[in-house]
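Novice: Sequence first, predicted model second:
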Amino acid sequence: MSSARTTAPIGTRQWHIIDADGKVLGRVASTAARLLQGKHKSTWLPYLDGGDHVVIVNAARVKLTGRKEDQKIYRQHSGYEGGLREERAKVVRQKHPVRLIEEAVRGMLPKTKLGDAMYRKLKVYARADHPHAAQQPQKLEVA
C-alpha cells in the first residue's frame, strides 16, 4: 500500500471583478464570499482553500436597502474598558466606504484560519480604478 496521500486538484485560481455600482450590498457580498470559498467549482472541498481572487470596485456606490443607511450600526472595540465605538452606515460610507463590503463579506466566510486565507484574496476599492489589470480579471454580473 502506498504511503503517498492524494489530495483533490485545486486547479488554477482565477480573478473575478465585480462592479458594486448601484448593486445591493448583500448580493455583492454573498457572490464574493461564494467565489472566495470556491463553492462554484466542482472541486470544492470544505477543508481546502480552492477559491478564486475577487476584486470589487465602486464600493462607495453600493446600495443599502430600506433604512439601513441610517439604522445599521458598525461596531469596533479597542479591547480596553469603554473602548466600544459605534458608527452609522452613513458615516462609515463617508469615512471608509471599503469597510461596508469588507465586513459584509468577512461575516459570510468561515471564522477559522482557512477563512482568513480566503479573506486575503478579496480586494476592495472605493472607485472604479484598481491595480489588478495584469491578472486579467473576468467581469462578473451580480443580480
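Specialist: Received it, and whenever you're ready, just let me know what you need. Numbering: from 1, shown residues only.

Novice: any idea which helix is longest in the chain?
Specialist: helix 25-37 (DSSP state H).

Novice: can you give me the offset of that one from its chain's centre?
Specialist: 6 Å (CA atoms, centre = their mean, to the nearest Å).

Novice: again with stretch 79-92
Specialist: 21 Å.

Novice: Contacts for it, please.
Specialist: Applying CB atoms under 8 Å, 6 or more residues apart in numbering, the external contacts of stretch 79-92 come out as 64, 68-78, 95, 99-100. For glycine as for every other residue, the C-beta is placed from the backbone atoms N, C-alpha and C.

Novice: And that stretch, end to end?
Specialist: Using CA to CA, to the nearest Å, one end of stretch 79-92 lies 20 Å from the other.

Novice: quick revisit: most neighbours among the contacts of stretch 79-92, please name it.
Specialist: L100 (24 neighbours; other CB atoms under 10 Å).
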